[in-house]
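Trainee: Quick one, what's the 3D model for this:
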Amino acid sequence: MDPTPSGVAVLLLRRSRPGSLNSMRHMLFAASLGGVLLLAGTALSAQNVPASRPVPGRALLDFPLGTLGEAPALSVGGGGGLFDPASILLTPISRLRLSLAQLDAPGDRSVHGQVGTVTGRAGPSTAVGVSFARMAVGGLDRTGSGDPTVLGSVPYSTYVVSLLAAQRFGGPFRQHLVIGAAGRYRAANADTVSASTGAVDVGAVVDRLFGKYDGRLALSSYLWRPGEEATEALGVHAAADARVAGKEDAHEARIGVGRDLTRGGPRETFVYAAGRWSFAEARLGRARQVNFGSRPTTMIRFGLGFHSERFVVGVGREDSSVGLGPMYQFSLTTLIN
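Mentor: Numbers count the residues shown, from 1 in each chain. Next up is the predicted model:
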């Protein structure tokens with residue numbers, strides 16, 4: 001068998017028997033997955049720094065870009081897919097769904113981020129998409145050796161381009177299981193170093209559990225480079241939540257918990273509550289983060305969302321216990337049916 005990503009896609013297509021709706025759905029998902037793996041395979045071979053050195057900027061991608069008070073593994077505020085590729089199917093499938101989000105943390109060391117995601121229906125239970133995410137830090141001054149004179153600023157940024165595919169499975173799974181995959185290409189610039197690399201991620205969501213409680217469980221890898229975990233930090237995102245009041249998505253209250261780990265980096269536990277009544281939605285949560293054995297950092301995250309027939313507008317704020325300034329997020333999602 002051809003061991004390349006395109007060979008994997010061909011094998012999946014050959015195993016799909018023609019003549020049924022399920023077969024067509026599986027073929028669409030297989031083709032989408034093949035594209036995801038092809039991007040990852042191409043990007044993994046494109047790194048232009050020694051294999052023993054990590055590509056800079058990885059820590060910037062631990063910021064909760066586009067989450068708006070959500071657990072990253074279940075986040076849909078920025079279109080989904082950045083932290084868990086399966087999350088692009090957590091909202092109703094439309095012909096096209098466009099999401100944009102902006103993160104700003106003003107101050108002497110300002111942080112800025114953007115994420116844009118486009119997803120579309122590829123079958124009754126299949127979605128594919130593409131996303132672009134960028135994070136940058138400003139205000140890093142360059143000084144001379146032993147001289148406090150500022151000679152300029154040091155660029156520090158990274159961006160990620162992702163191809164996404166997700167499918168909801170029926171049969172014995174009774175529409176409870178969503179599997180997603182992502183092929184990613186990441187590039188970064190830190191002072192005079194520019195480098196790029198690739199990653200491939202897999203994620204799963206099990207939802208619609210426990211009847212009226214509508215329980216959800218999610219687990220995903222994040223920026224995974226198989227065989228290079230010692231060099232490139234691997235992240236893992238997990239989350240669980242359930243409905244505690246209400247009977248439908250538009251009139252409910254939920255509580256949940258998220259757990260996010262990065263190899264050699266931060267470990268975060270996030271407990272939150274969310275509620276929606278018709279067009280208005282609110283979220284409030286407390287995150288506790290430990291990084292490199294330092295004292296725990298506590299963060300309060302708050303989000304508001306407003307829903308119409310075709311648009312969702314969101315705004316969020318995060319406050320930290322370590323004296324950093326507040327961080328704000330804004331998002332806009334539109335549906336094209």
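
Trainee: End to end on stretch 163-179, go ahead and measure it.
Mentor: 14 Å (Cα to Cα, to the nearest Å).

Trainee: And that stretch, what's buried?
Mentor: 163-169, 176-179 (16 or more other Cβ atoms under 10 Å). In this view, the C-beta of every residue, glycine as well, is placed from N, C-alpha and C.

Trainee: Of those, which is the nearest to Thr117?
Mentor: Among these, Leu164 lies closest to Thr117 (Cβ to Cβ), at 8.0 Å.

Trainee: quick one: contacts for the closest one?
Mentor: Applying Cβ atoms under 8 Å, 6 or more residues apart in numbering, we find Leu164 in contact with 36, 81, 85, 88, 117, 119, 127-131, 180-182.

Trainee: Counting only strands, which of those make the cut?
Mentor: 117, 119, 127-131, 180-182 (DSSP state E).

Trainee: Of the residues you listed, which is the most crowded?
Mentor: Ala182 (33 neighbours; other Cβ atoms under 10 Å).

Trainee: list the contacts for it?
Mentor: Here Ala182 is in contact with 36, 81, 85, 162-165, 200-203 (Cβ under 8 Å, 6+ apart).

Trainee: The same query, at a cut-off of 6 Å, please.
Mentor: Neighbour list for Ala182: 85, 162, 164, 201 [criterion: Cβ atoms under 6 Å, 6 or more residues apart in numbering].

Trainee: Spatially, which two of the buried residues of stretch 163-179 are the most separated?
Mentor: Leu163 and His176 (25.3 Å).

Trainee: show me where pLDDT drops low in the stretch 151-300 of the chain?
Mentor: Counting by pLDDT under 70, the stretch 151-300 of the chain has low-confidence residues at 151-152, 293.

Trainee: Now do Ala204: how many residues are near it, please.
Mentor: 17.

Trainee: all helices for the stretch 1-150 of the chain, in order.
Mentor: 5-14, 21-44 (DSSP state H, counting those that start in this stretch).

Trainee: I'd say Val76 and Leu90 touch.
Mentor: Yes. Between Val76 and Leu90 there is a contact at 5.3 Å, judged by Cβ atoms under 6 Å.

Trainee: Between these two, which is the more surrounded one?
Mentor: For Val76 and Leu90, the more surrounded residue by other Cβ under 10 Å is Val76, and the numbers stand at 24 against 17.

Trainee: So what does that one look like in phi/psi?
Mentor: Main-chain torsions, Val76, degrees, to the nearest 10: phi -130, psi 0.

Trainee: What pLDDT does the model give it?
Mentor: The score at Val76 is 92. That number is its pLDDT.

Trainee: quick one: it from Leu209, how far?
Mentor: 18 Å (Cβ to Cβ, to the nearest Å).

Trainee: now the strands for the stretch 151-300 of the chain?
Mentor: Using DSSP state E, counting those that start in this stretch, the strands of the stretch 151-300 of the chain run over residues 156-169, 177-190, 193-209, 215-222, 235-248, 251-262, 267-277, 280-290, 297-307.

Trainee: Would you tell me which of the ones you listed gets closest to Gln329?
Mentor: strand 297-307 (7.7 Å).

Trainee: Give the next helix or strand downstream of the closest one.
Mentor: strand 311-320 (DSSP states H and E).

Trainee: Pull out the buried residues from that next one.
Mentor: 312, 314, 316, 318, 320.

Trainee: Stretch 246-260 now?
Mentor: Quick answer for stretch 246-260 (16+ other Cβ under 10 Å): 246, 252, 254-256, 258-260.

Trainee: Over to stretch 208-222?
Mentor: Of the residues in stretch 208-222, those buried by neighbour count under the rule 16+ other Cβ under 10 Å are 214-222.

Trainee: Show me what it is in contact with.
Mentor: Against stretch 208-222 from outside (Cβ under 6 Å, 6+ apart): 73-74, 84, 176, 201-207, 235, 237-243.

Trainee: same thing but 8 Å
Mentor: Contacts of stretch 208-222 (Cβ under 8 Å, 6+ apart): 61, 71, 73-74, 83-87, 175-176, 180, 201-207, 234-244, 247, 252, 256, 262.

Trainee: measure it end to end?
Mentor: 24 Å.

Trainee: can you tell me how far the nearest residue to Thr262 once chain neighbours are set aside sits from Val271?
Mentor: Excluding its sequence neighbours, the residue lying closest to Thr262 (Cβ to Cβ, 6 or more residues apart in numbering) is Gly235, at 4.6 Å. Between Gly235 and Val271 the computed distance is 19 Å (Cβ to Cβ).
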